[in-house]
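[1] Structure here, sequence nowhere to be found:
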């Protein structure tokens, strides 16, 4: 095992294309990822606002389980791809160290169910692993078809850099842009890369939530983006699936594909599009873009 | 060897213990009467007393009186830090005819009452420290302070307004001054400014007369394009090594005609001028700015064709002709100076705005720092004083963002003190020169100087906009047609409670002040320390603001903390006065903390000989022992720490004194 993998609920549901493409890309790079056995909910944002200590305990159970996989080593690296999971797990670690009272309560709770917790897990984002452990050189050497001519707006969302900036700049992150450059794509200069996608407001107060998504997409399109690359299942969902409703609300049709950055990597690696969940997109990648990168120029839309 | 009988003529020693309340500073935490009772039980203590302010005249008189009455032979005062009152009580001792080194000070304020929460614990700690000192003082020897002649002359490091002013004050008083500046010209940041707040007098008009006076002053030697590389010695007797970097134009031969610059193979200036922060251009041979002192050009080997290829027609050499002032083979030159005192006036650096990418510096061409705008406004700057954007147009609206790299826990926590006022000055000048709408984005307006608040009022009258709120970002993201192709400032206006978007043509970042990038190396060079944020530390924030913990080394200007020009000049004058007070003494007394070597225990291993940083120890081949040349010893203690047989010892820190102190502190513990 090179890394433990914490999927989270989205990766098994509406964000399944993220997991599919992530696994395919890591396989292609010969990096082994093992799913954490018996994982549970990360606590996410909603539980946190109801009951803080239970939310932390819930996340910490995953951390305790991960420590069991350390194989006698000092610590273990666990990849969390979903932004909410990534933040939820890191926040649990920070709360336990920063607030000793809460920490005692949580560790005691875990011990009661036979899970020891020593805070020895390093939570890693796939962008962090790809850029800092694997490196652009190894990634570039795996590229079969450069995504030349594809203009990508890299969208990081809020949670992977705020409030804890662990591997990139808090306001103006660059890792995904560099990764896209390594697979031959062109990135657009787009100052909205960490601006809110609307989050859960898209469901609860759509006029507000959808406006936030619309602002992002409109600006990306204005700056010539062919596609928006995301690193979060909720961002991807908000930006892609609500475009019809946005058209109704704001009277403008955008038709901008929104993909996971791992899907673009997979395409550049020449992996079969089904293995990358490309067929699950509601707004398909335009044929002229795909034909450029797919062998034989097949239109792969299913 | 010393022992506690050595200076008591065979009689048992008699210790007096005097414990200070320091008002409520000590007595508010430590149970002083209990400590007095305890002190009375210690061996050889003849008297123990408390007093509200031991440093006051009645306090001192009481000690003197008791020394006589009780026939005391050792003195112990438990009060504040020895930095503050050790000298006071040593004087009391000697006035009452006890050798001042048979005294020990115990700090029960900074080390006990101020830093201990629990009163009982504080009282116990005070007792332990007094018990330790009462054991230690038994082993003290009678010593005499060492006296050294003071050398004349002062080195001033840094040729900004602080260094210039200090140099002139001292030179006028007849002192020999060496002004060392690492840039090609003196003048510092002030030389870059256009106007100065709040009076709006031209910076050059008030600075250049001082610069030329420095150059002409018979008592000042300017060492420009030079850096201090080594400092040794001690107060009154410093040795300073200065490296003169090659400027490839011989200063002594140059008359400042600048014909060499005219004759350069590059007909037009092509390379970014450092003095204009890259906004203007210069040739490979250049003077940084017209009023430079010394007015001697220099050659940049990175861009000079002769240095790069060796195949240049060398117009500069021909133009200089018989004066023969160009020397492509010039090398580093080391100058050694012997002086009595040193003033460190190394100034500040401005915050690197690219550290905050959300303000767009380095991303959008029309985002400038305040210092860059000073150059744009300056008549000798790259645009001749006209404010032009990078596309050559005049801005119609300008946003000035305050507190960039100040009052921010992500960058620097301190207030840089000058930014509010220089922002107001720039706002006024921008409005005057361009007629643009000017917006200031501020957290608070800090204008606490003479005429400063009035200047703020004036700006409000002039119609400059003030928006209270921290700017979230500067971007080129347009939401409406009037925002297209402009910079949009997003800010929460906290006075109306709304997020606003303000489109402007030009953004000025009021960058804060930071210590020089190499401040840490400078502290090592001069053996001074830093307070929080790497600003150089003064000996006392209120009572010794220009001295350092290293005697004979003084601070002036912004290297000690952010300061405007009036405060810098005032502090430079103060530093100059303090140095003069030192150099005008013929002799100074120095703590007798030198080493000594007891020949009886020396095995002749010579470890100390190699370790001594001052070459004060040599090996006597006949006697086969190490011998100390005491006048050279500066009391660093390295030999005493390294000596395997205990032969090398240091006065005031002898093994038996330290062991006695440790024993006293720990007796009864665990």
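    Nice, thanks for sending it over. Please read these numbers as outputs of a predicted model, since none were measured by experiment. Residues are numbered from 1 along each chain as shown, chains lettered A, B, ... in the order given.
[2] from the stretch 151-300 of chain B, which residue is nearest to chain A?
    Using C-beta to the nearest C-beta, the single residue of the stretch 151-300 of chain B nearest to chain A is residue B:278, 22.4 Å away. Every residue, glycine included, has its C-beta placed from N, CA and C.
[3] In three-state terms, label that residue for me.
    coil (DSSP: H, G, I helix; E, B strand; the rest coil).
[4] Pull the contacting residues for it.
    Residue B:278 sits next to residue B:272 when contact means C-beta atoms under 8 Å, 6 or more residues apart in numbering or on different chains.
[5] any idea how far residue B:637 is from residue B:644?
    15 Å (C-beta to C-beta, to the nearest Å).
[6] Please identify which of the two sits among more neighbours.
    Higher neighbour count among residue B:644 and residue B:637: residue B:637, with 16 against 11, using other C-beta atoms under 10 Å in any protein chain shown.
[7] For the stretch 101-250 of chain A, which segments count as strands?
    Assigned by DSSP state E, counting those that start in this stretch, the stretch 101-250 of chain A shows strands spanning A:121-124, A:151-154, A:186-187, A:227-230.
[8] for the stretch 451-600 of chain B, that is, sorry about that
    Applying DSSP E, counting those that start in this stretch to the stretch 451-600 of chain B gives strands spanning B:465-468, B:471-475, B:487-493, B:498-504, B:506-511, B:513-515, B:553-555, B:587-590, B:595-597.
[9] Can you check what pLDDT the model gives residue B:432?
    According to the prediction, residue B:432 has pLDDT 95.
[10] count of residues packed around it?
    The number of residues packed near residue B:432 is 12, by other C-beta under 10 Å.
[11] Before we go further, it is sitting in a strand, right?
    No: with three-state DSSP as the criterion, residue B:432 is assigned helix and is not in a strand.
[12] quick one: it from chain A, how far?
    Taking C-beta to the nearest C-beta, to the nearest Å as the measure, residue B:432 and chain A are separated by 32 Å.
[13] Could you measure from that residue over to residue B:93?
    Residue B:432 is 66 Å from residue B:93, by C-beta to C-beta.
[14] swap in residue A:163?
    Taking C-beta to C-beta, one finds residue A:163 at 59 Å from residue B:93.
[15] Same question for residue B:308.
    From residue B:308 to residue B:93 the distance is 69 Å (C-beta to C-beta).
[16] Comparing the two, which shows the higher neighbour count?
    Legend: neighbour count by other C-beta under 10 Å for residue B:308 and residue B:93, higher for residue B:93 (22 against 12).
[17] what about that one, which SS state?
    helix.
[18] Surely it is in contact with residue B:104?
    No: proximity of residue B:93 to residue B:104 does not meet the contact threshold set by C-beta atoms under 8 Å, at 10.4 Å.
[19] where do the contact lists of those two overlap?
    residue B:75.
[20] Leaving out chain neighbours, which residue sits closest to residue A:265?
    Using C-beta to C-beta, 6 or more residues apart in numbering or on different chains and skipping residues adjacent in sequence, the residue nearest residue A:265 is residue A:25, 4.8 Å away.
[21] How about the contacts made by the one you found?
    Residue A:25 sits next to A:262, A:265-266, A:269, A:271 when contact means C-beta under 8 Å, 6+ apart.
[22] Let me see the backbone angles for it.
    phi -70, psi -40 (degrees, to the nearest 10).
[23] Within range of chain B, give me the residues from the stretch 101-250 of chain A.
    Contacts of the stretch 101-250 of chain A with chain B, taken as C-beta under 8 Å from any C-beta of the partner chain, map to A:169, A:171-172, A:191-192, A:215, A:219.
[24] Which pair in these has the greatest spatial separation?
    Using C-beta to C-beta, these span at most 21.5 Å, a distance reached by A:169 and A:215.
[25] ok, now which residue in the chain is the farthest from the centroid?
    Since no chain was named, I'll use chain A. Using C-alpha atoms, centre = their mean, the residue of chain A lying farthest from its centre is residue A:112. It sits 33.0 Å away.
[26] nope, chain B please
    The outermost residue of chain B relative to its centre, with distances by C-alpha atoms, centre = their mean, is residue B:481 at 51.6 Å.
[27] Give me the buried positions along stretch A:177-197.
    The neighbour-count check on stretch A:177-197 (16 or more other C-beta atoms under 10 Å in any protein chain shown) flags A:177-185, A:187-188, A:190-197 as buried.
[28] do stretch B:79-97 as well
    Buried-residue list, stretch B:79-97, by 16+ other C-beta under 10 Å: B:79-80, B:82, B:84-86, B:88-90, B:92-93, B:96.
[29] Poorly predicted segments of chain A, please.
    A:1, A:291-302 (pLDDT under 70).
[30] Centre-most residue in it?
    Per C-alpha atoms, centre = their mean, the C-alpha nearest to the average position across chain A is that of residue A:231, at 3.0 Å.
[31] Briefly note if stretch B:468-480 comes near chain A.
    Yes: residues of stretch B:468-480 contacting chain A under C-beta under 8 Å from any C-beta: B:473, B:475-477, B:479.
[32] Can you measure across that stretch, start residue to end residue?
    Start to finish, the residues bounding stretch B:468-480 are 24 Å apart (C-alpha to C-alpha, to the nearest Å).
[33] in the stretch 201-350 of chain B, which spans are helices?
    B:203-216, B:259-262, B:305-309, B:315-320 (DSSP state H, counting those that start in this stretch).
[34] Name the residues of the second one that are buried.
    Of the residues in helix B:259-262, B:260-261 count as buried by neighbour count, 16+ other C-beta under 10 Å.
[35] Give the burial count for residue 108, as a bare number.
    Here I'm looking at chain A. 11.
[36] meant chain B actually
    30.
[37] Could I get the phi/psi values of it?
    According to degrees, to the nearest 10, residue B:108 has phi -100, psi 20.
[38] With residue B:665 instead?
    The phi/psi pair for residue B:665 (degrees, to the nearest 10) reads phi -70, psi -30.
[39] Now render the strands of the stretch 101-250 of chain A as TSV, adding distance to residue B:581.
    As requested, the strands of the stretch 101-250 of chain A are exported to TSV (distance: least, C-beta to C-beta, whole Å):
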stretch	distance to residue B:581
strand A:121-124	59
strand A:151-154	64
strand A:186-187	64
strand A:227-230	69
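[40] In contact with residue B:291, which residues?
    By C-beta under 8 Å, 6+ apart, the contact list for residue B:291 reads B:187, B:191, B:204, B:208, B:211, B:380.
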